[in-house]
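[1] For reference, the sequence and a predicted model appear below.
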Amino acid sequence: QVQLVESGGGLVQPGTSLRLSCALSGGTFSPTAMGWFRQPPGKERETVAAINWSDESTLYADSVKGRFTISRDSAKNTMYMQMNNVKPEDTAVYYCAASNYCSGYGCYELALYDFWGQGTQVTVSS
């Protein structure tokens, strides 16, 4: 059974940094891609970033380009997102997810992800 567990969320001040982690478990499952998604209060879930599990190519939402960096450690089956210069508008529940079949730019599509974590709250406030 595939499981994803996020960690690293919390309350931080604007302009500071935070790193989220997502641990993947589940036997021999190897995703084609994994991603970070977020759901701000009262809004729909949106894509933040995605990473191809084999070649580490990445995709980012325009709102986080240059501030957030997605990465993965395949040996540890763990994905990360380094969040720098966070802003109040980054406040959201952050979810990690894994896809069994997306490729290329298609991995930006939230609907192509099969497995989801439970989410971790990130609040940016002074």
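    That came through, no problem. Predicted, not measured: the structure shown is a model, and the values here were computed from it.
[2] Apart from its chain neighbours, what residue comes closest to Leu112?
    Ranked by Cβ to Cβ, 6 or more residues apart in numbering and with sequence neighbours excluded, the top spatial neighbour of Leu112 is Cys102, at 4.0 Å. Using the backbone N, CA and C atoms, a C-beta is placed for each residue, glycine as well.
[3] The one you found reaches Glu109, doesn't it?
    Yes - counting by Cβ atoms under 8 Å, Glu109 is a contact partner of Cys102 at 6.8 Å.
[4] Comparing the two, which residue is more hemmed in?
    Cys102 (22 against 13; other Cβ atoms under 10 Å).
[5] Tyr80 touches Leu24, doesn't it?
    No - taking Cβ under 8 Å as the definition, Tyr80 is not a contact partner of Leu24, at 11.8 Å.
[6] which one of the two has more residues nearby?
    Set Tyr80 next to Leu24 and count neighbours by other Cβ under 10 Å: Leu24 wins out with 23 against 19.
[7] And the pLDDT for that one?
    Looking at Leu24, its pLDDT is 95.
[8] Quick check: it is in a strand.
    Yes - counting by DSSP: H, G, I helix; E, B strand; the rest coil, Leu24 falls inside a strand.
[9] mind checking how far it is from Arg38?
    19 Å (Cβ to Cβ, to the nearest Å).
[10] So which residues of this protein form strands?
    With DSSP state E, the ranges of strands along the chain come out as 3-7, 10-12, 18-25, 33-39, 46-52, 58-60, 68-73, 78-83, 92-99, 115-116, 120-124.
[11] ok, and what's touching the fifth one?
    Same thing as strand 46-52. 32-40, 57-61, 64, 68, 70-72, 79, 81, 94, 103, 107-110 (Cβ atoms under 8 Å, 6 or more residues apart in numbering).
[12] Please name the residues that touch the spatially closest residue to Ser17 that is not a sequence neighbour.
    The spatially closest residue to Ser17, leaving aside those adjacent along the chain, is Asn84, at 4.8 Å (Cβ to Cβ, 6+ apart). By Cβ under 8 Å, 6+ apart, Asn84 lies in contact with Ser17, Arg67, Phe68, Thr69.
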